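1. Curious how this folds, go ahead:
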Amino acid sequence: MSFCKNFFMILIFLFQFVIAPSSFSEWRDDIKEFKIGLSGGENEADRLKNYECWRVYLENKLNIPVKFYPASDVAGIIHGLLGKTIDYASVGPSAYAAMFIDDSEAIEPVITVKESDGSEGYKSAIYVRSDSDIYSIEGLKGKAMAWSDPNTTSGYLVPTFELYQMGINPSEFFSRTGFAGGHEQAVISVLNKQYDAGATWVSGQGDVKEGYSRGMLRNMIKKGLLDMSKLRVIWLSNQIMNGPHVIRKDLPEDFKEEVIRHNLSLQKEDQRCFKEITMGESQGFIRVSHDNYINVVDIRRFIKNQRRR
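-> I've put the predicted structure just below:
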């Protein structure tokens, strides 16, 4: 009996101090730091400040340096992931689709946000100044339209696609269009009367006067950059699958799984930080895969073909 007990204790010792550390350290031999890309949409100082709690959280959990690499636009994140200068990023469905079309083996979607009502999507919103006489899509004919970024889903891809579905060719319908350089910049350009309308992302839930429950409008209100009495939302798209967090496919599987696991636990461990990086209220992160974004890949290919005509 004593022999069995001693043998069992030896096994526990070997697992804890010999077997477990060697398997645990496998990815540590290859990964000395974790590089996360932060895309545009708000100014760089705000991004770094709002996301710092997440960086510290992951650094403590992974026990390796975690560094942020801000990009001025979505294209910078795409190039960073495809060029392997960054390892991880939160992107919109359109940006993921662009990377998949370019190289299907480069990155994979791993988690996304589950909304407060249990849904897994958000909406594109087209907005105008509240003092304008525009109340519908039809009222935008001959007006100037500000798209957020050519690689955004809600700020360009989906509203463009749904306009085509309505029988509207955006290049002929609007007097002019332009890319503002990000969601926040597009809102400001409309408020400053550089454009008549813009497009951004919102949860589509909650009070529109508060910028909905989550999204760019709510985030700008929180920062004191927007008074919703100055804007009017005139159109909401069909639901779009929430954008994924993506990670390089060629990273060690055990490392990827550890990153996913810690992010899935973020809401329970630090609710305030979770709200900061997801811009509002939601139920938490959930796992996703490529199958969740096949329709966006198809839409991206459709828009690409329309441009060639």
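2. Look up how far residue 72 lies from the spatially most central residue of the chain.
-> Nearest to the geometric centre of the chain sits residue 91, at 3.6 Å (CA atoms, centre = their mean). Going from residue 91 to residue 72 by CB to CB, to the nearest Å gives 15 Å. All C-beta spots, glycine's among them, are computed from the backbone N, C-alpha and C.
3. need the contact list for the closest residue to residue 55 other than its chain neighbours.
-> Nearest non-adjacent residue to residue 55, counting by CB to CB, 6 or more residues apart in numbering: residue 66, 5.0 Å away. Contact analysis of residue 66 by CB atoms under 8 Å, 6 or more residues apart in numbering lists 33-34, 36, 55-56, 58-59.
4. Need the three-state assignment for residue 193.
-> Taking DSSP: H, G, I helix; E, B strand; the rest coil as the rule, one finds residue 193 in the coil state.
5. quick one, phi psi at it?
-> According to degrees, to the nearest 10, the main-chain angles of residue 193 amount to phi 70, psi 30.
6. Once you drop chain neighbours, what's closest to it?
-> residue 129 is the one closest to residue 193 (CB to CB, 6+ apart), at 7.3 Å.
7. what about that neighbour, how many neighbours?
-> For residue 129, the neighbour count with other CB atoms under 10 Å is 17.
8. Distance check, it against residue 224.
-> Taken as CB to CB, the span from residue 129 to residue 224 is 19 Å.
9. Check residue 145 too.
-> Relative to residue 224, residue 145 is positioned 26 Å away (criterion: CB to CB).
10. In terms of neighbours, single out the busier of those two.
-> With neighbours defined as other CB under 10 Å, residue 145 and residue 224 compare such that residue 145 has more, 24 against 7.
11. what residues does the helix or strand encompassing the more buried one touch?
-> Assigned by DSSP states H and E, residue 145 falls within strand 144-147. Strand 144-147 is contacted from outside by 155-156, 160, 170, 174-180, 186, 189-190, 194-199, using CB under 8 Å, 6+ apart.
12. quick revisit: what bridges to the residue nearest to residue 193?
-> Residue 129 has these beta-bridge partners by DSSP bridges: residue 231.
13. So it sits against residue 233, correct?
-> No. The pair residue 129 / residue 233 is not scored as a contact, 11.5 Å apart, by CB atoms under 8 Å.
14. Could you pull up the residues touching residue 127?
-> If a contact means CB under 8 Å, 6+ apart, then residue 127 has 187, 190, 197-200, 217, 231-234 as its contacts.
15. Name the next helix or strand downstream of the worst-scoring helix or strand of the chain on mean pLDDT, please.
-> Ranked by mean pLDDT, DSSP states H and E, the weakest helix or strand in the chain is helix 20-24, scoring a mean of 41. Toward the C-terminus, helix 20-24 is succeeded by strand 34-38 as the next helix or strand (DSSP H and E).
16. Okay, strands next: where are they in the protein?
-> 34-38, 66-70, 88-90, 107-114, 121-129, 144-147, 176-179, 197-202, 231-236, 240-241, 245-248, 284-287 (DSSP state E).
17. Okay, domains of the protein per the record?
-> Following the assignment in automatic domain parsing, the chain carries domains at 21-115+243-308, 121-241.
18. most packed of the ones you listed?
-> Burial of those is given as mean neighbour count (mean count of other CB atoms under 10 Å); domain 121-241 ranks first at a mean of 19.
19. got a list of what residue 205 touches?
-> Counting by CB under 8 Å, 6+ apart, residue 205 makes contact with 115-117, 212-214.
20. Apart from its chain neighbours, what residue comes closest to residue 148?
-> In space, residue 148 is closest to residue 155, 2.6 Å off (CB to CB, 6+ apart).
21. confidence score at that neighbour?
-> On pLDDT, residue 155 comes in at 96.
22. I'd guessed it sits against residue 185; true?
-> No. Using CB under 8 Å, residue 155 is not in contact with residue 185, being 10.0 Å away.
23. Now the common contact residues for these two.
-> Joint contacts of residue 155 and residue 185 (CB under 8 Å, 6+ apart) are residue 148.
24. if we can go back for a sec, compare the strands of the chain and give me the one nearest residue 136.
-> strand 231-236 (5.8 Å; CB to CB).
25. Tell me how far the closest one lies from the chain's centre.
-> In terms of CA atoms, centre = their mean, to the nearest Å, the centre of strand 231-236 is set 22 Å apart from its chain centre.
26. Can you name the residues in contact with it?
-> Counting by CB under 8 Å, 6+ apart, residues outside strand 231-236 touching it are 123-130, 132, 134-137, 139-140, 159, 187, 190-191, 197, 202, 204, 208, 217.
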